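Student: Let's see this in three dimensions:
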Amino acid sequence: MTGVAILGSTGTIGVNTLDVIERNADAFDVVALTANRGVERMVEQCLKFSPELAVMVDEDAAHAVSRSLREQGSTTEVLSGAEGLDVAVTRDDVDQVMAGIVGAAGLAPTLAAARASKRVLLANKESLVMSGALFMEAVREHDAELLPIDSEHNAIFQCMPADLHGRRRQGIRKILLTGSGGPFRTRDPASLWSVTPDEACAHPNWVMGRKISVDSATMMNKGLEFIEGCLLFDVEPDAVQVVLHPQSIVHSMVEFDDGSVLAQLGNPDMRTPIAHAMAWPRRIESGTERLDFFQMTDLHFEAPDFDRFPCLRFAIEAARAGGDASAVLNAANEEAVAAFLDEKLAFPNIATTVEAAMAEASSQPPETIEAVLVADQKGREAARKAIRDARASMQSTV
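Tutor: Next up, the predicted model:
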């Protein structure tokens, strides 16, 4: 049995991971589940999967989970805070860690899992975007395994003759990173000023959390994936090309020097890459609906419009700039998206906030986790100022 710890078990990635585990109960053992504040769902998951450990980042939520589990006769141990997350990913009976915590909050436990020589199933792209070479060095130094869960990077991994650390093999010409274009691919840009959070979160193909759904609407998600792809597969930015593919059937492609292009196809369902990475190099049942080629009447591809999606352009520029630009970009985006979801910022101002913060980036790459966190804080402070300025400007025109 493979022991699994899930960071963010109550979120979309966590729920899908548990679904895959349930379908392959003879192969995987749920050792640890973690979440932020989702008490009710965590209790349900603990009663169903009987993990050895449950961790709630929020201390009050941990007390509530512990009390509820005791009342129902569960023996699951409950811990709280960052220390609890560290315990969850470093246990001897944990073989692989699903890193599904959204945003910068996932960096520390994901890095701890790599340093503990675990198989890290990376669904938290922000961890790698923030820490860059520092994270990849930890994977190599501690002989960890790093497998991508993003459908695009998992597709590339399946098509690309690369080892676990992503070192590039000869003969690869280009990575073709696909993206749907989100809900606003064809919408009049002038109308985006009135976009609501619910509209931005209504992705046409994927069911995701609200933050990543907004990132998809701005195409910042694809920008973060661009940065992640360069790091995972050890390629320069010029070797990665973003291709819009509204149907989300082709999840990404790899072009080779001889003209061949390998693509990974499938219905848009996160259980496919989750099952692939959990069982690699074997194949297991995922529960995903099978692709019906006779129902596929059209597969469309187009170049991204950087005027419509400036966040994608900023991310590509950050990948080329190096230094701490990616960490600053990610931090500013998190602040801007949070403000938009709280209805304190207009949708187009997500991009202007990120652009303003990028002026604070430096050419010095962070060499320690402390330096990463300094860059993260720098990006957040710059973003908060830009958000205040944008709100003041909007109020002055009303």
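Student: now the strands for the stretch 101-250 of the chain?
Tutor: Listed in chain order, the strands of the stretch 101-250 of the chain (DSSP state E, counting those that start in this stretch) span 119-122, 145-148, 172-179, 240-244, 250-256.
Student: Same list (the ones you listed) but as a markdown table, adding distance to Ala325, mean neighbour count and mean pLDDT.
Tutor: Just so you know, the C-beta spots here come from the backbone N, C-alpha and C atoms, and that holds for glycine as well. A markdown table is the format used below for the strands of the stretch 101-250 of the chain (distance: least, CB to CB, whole Å; neighbours: other CB atoms under 10 Å; pLDDT from 0 to 100):
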| stretch | distance to Ala325 | mean neighbour count | mean pLDDT |
| --- | --- | --- | --- |
| strand 119-122 | 21 | 27 | 97 |
| strand 145-148 | 22 | 22 | 95 |
| strand 172-179 | 19 | 21 | 95 |
| strand 240-244 | 16 | 19 | 97 |
| strand 250-256 | 24 | 22 | 96 |
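Student: next one: stretch 346-357 to chain centre, how far?
Tutor: 20 Å (CA atoms, centre = their mean, to the nearest Å).
Student: Output it as CSV, nothing but the C-alphas.
Tutor: Provided in CSV are the C-alpha atoms of stretch 346-357 (Å, rounded to 0.1, in the frame of the first residue of the first chain):
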residue,chain,number,x,y,z
ALA,A,346,-12.5,45.7,-11.1
PHE,A,347,-11.5,42.7,-13.2
PRO,A,348,-9.2,44.6,-15.6
ASN,A,349,-7.4,46.1,-12.6
ILE,A,350,-6.0,42.7,-11.7
ALA,A,351,-3.6,43.2,-14.6
THR,A,352,-2.8,46.8,-13.8
THR,A,353,-2.1,45.8,-10.2
VAL,A,354,0.3,43.0,-11.3
GLU,A,355,2.0,45.4,-13.7
ALA,A,356,2.6,48.0,-11.0
ALA,A,357,4.1,45.5,-8.7
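Student: From the rest of the structure, what touches that stretch?
Tutor: 189, 192-193, 195, 200, 214, 217-218, 220, 310-311, 314, 328-329, 331-333, 335-337, 339-340, 345, 379, 382-383, 385-387, 389-390, 394 (CB atoms under 8 Å, 6 or more residues apart in numbering).
Student: What's the ChimeraX line that selects buried ones from the residues you listed?
Tutor: ChimeraX command restricting these to the buried ones, with burial defined by 16 or more other CB atoms under 10 Å:
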select :192,195,200,214,217,218,220,310,311,314,328,329,331,332,333,335,336,337,339,340,345,379,382,383,386,387,390
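Student: Just the ones in helices from the contacts of stretch 346-357, please.
Tutor: Among the contacts of stretch 346-357, the residues falling in helices (DSSP state H) are 200, 214, 217-218, 220, 310-311, 314, 328-329, 331-333, 335-337, 339-340, 379, 382-383, 385-387, 389-390, 394.
Student: circling back to that earlier point, redo the strands of the stretch 101-250 of the chain as TSV? Include distance to Ser131.
Tutor: Listed next are the strands of the stretch 101-250 of the chain as TSV, based on distance: least, CB to CB, whole Å:
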stretch	distance to Ser131
strand 119-122	12
strand 145-148	12
strand 172-179	21
strand 240-244	19
strand 250-256	23
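Student: out of the ones you listed, nearest to Asp86?
Tutor: With CB to CB, the closest approach to Asp86 among the strands of the stretch 101-250 of the chain belongs to strand 119-122: 14.2 Å.
Student: Show me what that closest one is packed up against.
Tutor: strand 96-99, helix 107-115, strand 145-148, helix 271-279 (3 or more CB pairs under 8 Å, 6 or more residues apart in numbering; DSSP states H and E).
Student: Pairing partners for the first one, with directions?
Tutor: I take that to be strand 96-99. Partners of strand 96-99 in the sheet, by DSSP bridges, are strand 2-7 (parallel), strand 119-122 (parallel).
Student: Tell me which of those strands lies nearest to Glu83.
Tutor: strand 2-7 (14.1 Å).
Student: In the closest one, which residues have enough neighbours to count as buried?
Tutor: Buried residues in strand 2-7 (16+ other CB under 10 Å): 3-7.
Student: what sits up against it?
Tutor: Counting by CB under 8 Å, 6+ apart, 14, 17-18, 21, 27-34, 85, 88-89, 91, 93-101, 106, 109-110, 113, 124, 278 sit against strand 2-7.
Student: quick revisit: any chance of the helices and strands packed on strand 119-122 in JSON lines, plus distance to Pro304?
Tutor: Compiled in JSON lines, these are given as follows (distance: least, CB to CB, whole Å):
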{"stretch": "strand 96-99", "distance to Pro304": "27"}
{"stretch": "helix 107-115", "distance to Pro304": "28"}
{"stretch": "strand 145-148", "distance to Pro304": "21"}
{"stretch": "helix 271-279", "distance to Pro304": "22"}
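Student: So for Asp60, which of the ones you listed sits nearest?
Tutor: helix 107-115 (20.0 Å).
Student: Show the buried residues in the contacts of strand 2-7.
Tutor: 14, 17-18, 21, 28-34, 85, 88-89, 91, 94-101, 106, 109-110, 113, 124, 278.
Student: one step back: Leu244: which of the buried residues of strand 2-7 is nearest?
Tutor: Leu7 (30.7 Å).
Student: May I have the beta-bridge partners of that closest one?
Tutor: Thr34, Ala99.
Student: residue contacts, Ala88?
Tutor: Contacts of Ala88 by CB under 8 Å, 6+ apart are 5, 7, 32, 34, 53, 55, 79, 94, 109.
Student: Which of these sits closest to Phe157?
Tutor: Leu7 (20.2 Å).
Student: so how far is Arg70 from that closest one?
Tutor: Going from Leu7 to Arg70 by CB to CB, to the nearest Å gives 24 Å.
Student: same thing with Met394?
Tutor: Met394 is 50 Å from Arg70, by CB to CB.
Student: Phi, psi for the residue nearest to Ala339 when sequence neighbours are not counted please.
Tutor: Spatial nearest neighbour of Ala339, chain neighbours left out: Leu345 (3.9 Å); criterion: CB to CB, 6 or more residues apart in numbering. The phi and psi values for Leu345, taken as degrees, to the nearest 10, are phi -150, psi 140.
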